Every structure is written in C-alpha cells, then in structure tokens.
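Colleague: the amino acid sequence is not available; the structure is as follows:
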C-alpha cells in the first residue's frame, strides 16, 4: 500500500486508535470516579434503632402500602400474601387500586386478603376501584394518587409504593422503615431483584440494572451533597409529610418514569433520599421471550431521553463508543497486527474491554450468574442501543408508552 491510499489507511488506523484511547479513558473514569456505580455495596443500612416518636402509641410509625394494579390476576397470588403478612410491629395497611382491570384482579385480591385473615392475621386490605384517568395524568401515577388519597384517612406517617408483581420477604418492611427513621430519609427505595431464570432474562436483566446504576450512581443518589436522584418503583417508602410539603403526586402527574420523578421531586425539596440493592424484595414477573424484555425497555427509553433526537443520537453514539469500540480495537489489532497505531488501538481497546468486564462482575454475582458472561457486555450494550432506537421509532410512529396495556398520552 503506497501513496494516497497508504496515507488514508494510516490516518484511519490512527483515528481508530484515538477513539479506542478515548473509550479506555472513559472507562478509567467510570470505574474509578463515577460514584462506584458498578459495585453492589449500597445495601439497606442494618441494625439502626427506630427512634422514639413524639406522638403515637409506640416507636414504629404507621405505614400504608399502595399497590397500583391493572390486570394482575396472575401475579397477585404469588405476591400479595407476603405483603399482607409482613412482620411489622407497627400499624400497617394495604390499599390496592384496581385500575379498571378486566381479569378479575379485584376479586382475587379480596379473596387472598380473606384467606390471609383466616390463616391468623395479616394486614387489612382495601381494594379501591380506580376512577377514569383525568387528562394530563399518567396511568400509574393516577393509580398511586388514588391510593394515597384513600390512605390519608388513616393518617399514616409513611406510604409504601410497591408494584403488584413484587414479592416481599417477611421482615423487609421492618428493615426499610428502620432505615428511613434511623437515618432521617424521606425516601428509601430498593431496586427489586428482577427475575433472571430464562435464557434471555439472564442476558438482559443484570445489564438493565447495571445500566440503570451507571445512569444514576446509587452513592450519588444517597449523598445529600449530590443533585442525582432516582428511585425504584417496586419499593419506595415515602414520608407523607415530605410528600405533602413538596406538593404531592400531582406535581409529577404526567411522569411516565414515576419512580425517578418522585425521588427527584423530594430531593429537590431538600429531603434526604436513599436507593440501593436488595435480595429481600423480588420481582415475580416473568419475561420468557426477548420480545417481552424488548418492550419493557423500549417503552420508556425514549421517554428517559425526554423525546430529544439530539439526546438519542448522543446516547447511541456514547453506547457504541464505550462498549463497541474496545472489542473492535482488539479484534482489529489481532486481525492485522503491526504498526504503532494498530498496537495503540489494540492496547487501548483491551484496557477498556477489561475494565468494563471487571465492572460487570459484581452485578453478575448478585444475580448468581457465571462470570464468564461478563466479556459479552459489549454485545448486550449494542442490543440496548437497538432497543433505544426502537423506542424512538415507536414514539414517532404513534405507539405510545403504556402501563400494563393502558396507553399514555403522547408528549
């Protein structure tokens, strides 16, 4: 190769080496200085006593769980009994908002509550028939608001927003309340352990939590000095006084990503928040096929980007730069070794790939999956880039985001 062609080739290899070097530098920053997002050490603080209350009969505050439910007849038998049976020494009630289901959700919930009471106790359950959604409200937030309003009659100190597919370990509520009261947190949220049993769940789910933590590093969420705020909608304990002071759920009435919106609302109002991982709160919802997982991610990815084409382009380019460039550099180096630029691309690519692989190991360990899966993270990231692009395509095609089959208004 000589002349202009050789010069172009050399320039191309040099440019690729620079891209790989930028990616490697980004990974050094992410692993060393991005809030420890890849570590799974943010767990619910344990052993903190519940401080004496200024009013009331005992030290444990009253809690009402609000469960938005739409067509959850299949999920409730696997999850509701555990919620009703929480080992909680304070006053605890559950309000399930049946958002106009057509599969008998309300009847199944009532039957499970009666069975729980007959078995020797359980929290009282109110099944609330959801009202038509007003203009400007997202479906899930409207259901949450109706449940919160119904709970207000009992004047609880905390609301526990949880989903119908979430299974609770017996002492999980006690632990989360102790953490909130012992550390003066207006929001304590735990990322439920998602199901990872089918082949595609094992591929997609750990990466989903990993990418979420990369976007919202939990340490920064938990730091009062940081503006980063996020929550996990399957398990959010919220102080009623703080929520009312911030303006209530009406302030986020149109939010399609309600958990992040709620946490952001409360943190911006000066409250302390906490978000972490757990194995005591689990999602029972199965995603047996790639199509179901694809929909789970694509339905809200473009919403997260605020429907911005510029943010969409930046996100896809960023994903490719971070995740695809390092292995591409290694492969190119191995395929055509020789030359300083090619070597530089290969070394930088290997550095970036190694760092991302190491950063994925704790999440795989949390989900009890083989560490041999970690080097495949670039392929999963490319799949996520495709899901994100498809989310934008759905938006512009008029296929609105939906909550359990209920379409949201287009923004």
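Modeller: Yep, it's here. For clarity, every value in this text was computed on a predicted model and none was experimentally measured. Numbers count the residues shown, from 1 in each chain.

Colleague: not counting its neighbours along the chain, what's nearest the most centrally placed residue in the chain?
Modeller: What sits nearest the mean C-alpha location of the chain, by CA atoms, centre = their mean, is residue 232, with 4.8 Å. Computed as CB to CB, 6 or more residues apart in numbering, the closest residue to residue 232 that is not its neighbour in sequence is residue 191, at 4.2 Å. Glycine gets a C-beta too; all of them are placed from N, C-alpha and C.

Colleague: okay, now the one you found: neighbour count?
Modeller: A count of nearby residues for residue 191, using other CB atoms under 10 Å, gives 25.

Colleague: report the contact partners of the closest residue to residue 224 other than its chain neighbours.
Modeller: Leaving aside its chain neighbours, residue 224 sits nearest to residue 272 (5.5 Å; criterion: CB to CB, 6+ apart). Residues in contact with residue 272 (CB atoms under 8 Å, 6 or more residues apart in numbering) are 183-187, 224.

Colleague: let's see 10 Å
Modeller: Contacts for residue 272 were tallied using CB atoms under 10 Å, 6 or more residues apart in numbering; they are 180, 183-188, 222-224, 239, 242, 266.

Colleague: for these, which one is nearest residue 88?
Modeller: residue 180 (12.9 Å; CB to CB).

Colleague: was I right to think that closest one contacts residue 235?
Modeller: No. In this structure, residue 180 is not within contact of residue 235 by CB atoms under 10 Å, at 11.8 Å.

Colleague: now the common contact residues for those two.
Modeller: residue 188.

Colleague: in this structure, where's the longest strand?
Modeller: strand 273-283 (DSSP state E).

Colleague: next, the buried residues of that strand.
Modeller: 273-278, 280-283 (16 or more other CB atoms under 10 Å).

Colleague: same deal with stretch 70-87?
Modeller: Neighbour-count burial for stretch 70-87 [16+ other CB under 10 Å]: 70-73, 75-76, 79-86.

Colleague: gap between it and the chain center?
Modeller: With CA atoms, centre = their mean, to the nearest Å as the basis, stretch 70-87 stands 20 Å off its chain's centre.

Colleague: same question for stretch 220-235.
Modeller: Worked out by CA atoms, centre = their mean, stretch 220-235 lies 11 Å from the chain centre.

Colleague: need the distance between the two termini of it.
Modeller: End-to-end span of stretch 220-235 (CA to CA, to the nearest Å): 19 Å.

Colleague: mean confidence (pLDDT) on stretch 77-91, please.
Modeller: Averaged over stretch 77-91, pLDDT sits at 96.

Colleague: what residues are up against the residue nearest to residue 232?
Modeller: Shown in contact with residue 191 (CB under 10 Å, 6+ apart): 40, 42, 209, 212-213, 218, 230-235, 259, 275-278, 281, 283, 366.

Colleague: now, which of those residues lie within strands?
Modeller: Counting by DSSP E, the contacts of residue 191 contribute 235, 275-278, 281, 283 to strands.

Colleague: and the strands in the stretch 201-350 of the chain, which stretches?
Modeller: Using DSSP state E, counting those that start in this stretch, the strands of the stretch 201-350 of the chain run over 235-239, 273-283.

Colleague: want to throw these into CSV with distance to residue 311?
Modeller: Below are those laid out as CSV (distance: least, CB to CB, whole Å):
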stretch, distance to residue 311
strand 235-239, 26
strand 273-283, 23
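
Colleague: list the contacts of the nearest residue to residue 395 once chain neighbours are set aside.
Modeller: Distance criterion CB to CB, 6+ apart; nearest residue to residue 395, sequence neighbours excluded, is residue 302 at 5.0 Å. Residue 302 makes contacts with 308-309, 311-312, 315, 387-396, 401, 411, as judged by CB under 10 Å, 6+ apart.

Colleague: I'd guessed residue 341 sits against residue 19; true?
Modeller: No. At 11.4 Å, residue 341 does not count as touching residue 19 under the criterion of CB under 10 Å.

Colleague: so residue 128 is in which element?
Modeller: Residue 128 belongs to strand 125-129 when assigned by DSSP states H and E.
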